[in-house]
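Novice: Okay, here's the prediction I keep looking at, along with the sequence it came from:
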Amino acid sequence: MKLTRISDIRRKELRQAAFAVLQREGIAGATIEKVAAQAGASKGIVLHYFNSKQELFEHAMRESNLVLRDAVVARLKQAKTPMQRIDAVIDGNFEPHLFQPSLCHAWLSLCGEVPRDEKLRRIQKVIHGRMRSNLMSGLRALVSPEAADDIAFGITTLIDGLWLRLGLQSDGVTREQALRQVKGYLAARLVALKVNA
């Protein structure tokens, strides 16, 4: 049995605290002091584990993405057909406990820094790459590679846009509306390609 080091536990707690502060304050209002207070630690402890505010929030972005990834993976493990795989990715990206205004605000706050931060840009690229790969694992069994790539791009764009909408307007979209939009797009594309899924 592998033992978890205390330092790993502490870093995880600080990443989670940083993401909680981002949900509440956004990137502009988030400070090391507020993260320390959220974690019940001192500023010195936070800086012991993370060299800067920027590094801390990069790790917070990774932490938040792990939660979303785990939700999708749990659904993918249950999927038995190509269509179930696609649905697992879509449903996982709109998990009820994740598709919440506060989480969308925090995510938007981090995404706003992507154009200026190479590490955040790399993280975002990995996130999009994983979502595309997961979608393609189902789509390739239903349509041509070119159509699969195009549909995957459409789905990921809709998912990003719906998260953006909820982040900008807390009453902007419900989970049910989001699922209906994405699955409606998918169904229309498959009908146009004469696919019986």
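Specialist: Arrived safely, thanks for sending. Quick caveat: nothing in here was measured; it's all calculated off a predicted structure. Numbers count the residues shown, from 1 in each chain.
Novice: For Arg130, list the residues it contacts.
Specialist: Listed by Cβ atoms under 8 Å, 6 or more residues apart in numbering, the contact partners of Arg130 are Arg69. (Glycine included, C-beta is placed from N, CA and C.)
Novice: That one and Ile155: what is the separation?
Specialist: Distance of Arg130 to Ile155, computed by Cβ to Cβ, to the nearest Å: 13 Å.
Novice: so after the longest helix belonging to the chain, what's the next helix or strand?
Specialist: Longest helix of the chain, by residue count under DSSP state H: helix 53-78. Past helix 53-78, further along toward the C-terminus, the next helix or strand under DSSP states H and E is helix 82-93.
Novice: Run the chain-centre distance for whichever strand or helix holds Leu186.
Specialist: When elements are defined using DSSP H and E, Leu186 is found to belong to helix 175-192. Once both centres are worked out by Cα atoms, centre = their mean, to the nearest Å, helix 175-192 turns out to sit 20 Å from its chain's centre.
Novice: Stretch 108-117 now?
Specialist: Here stretch 108-117 shows a centroid-to-chain-centroid distance of 14 Å under the convention Cα atoms, centre = their mean.
Novice: What residues of it count as buried?
Specialist: The neighbour-count criterion (16 or more other Cβ atoms under 10 Å) identifies 108-111, 113-114, 117 as the buried residues of stretch 108-117.
Novice: quick one: Ala71 from Ala20, how far?
Specialist: 18 Å.
Novice: Walk me through the regions of the protein where pLDDT falls short of the threshold, as ranges.
Specialist: Across the chain, residues meeting the criterion (pLDDT under 70) sit at 1-4, 197.
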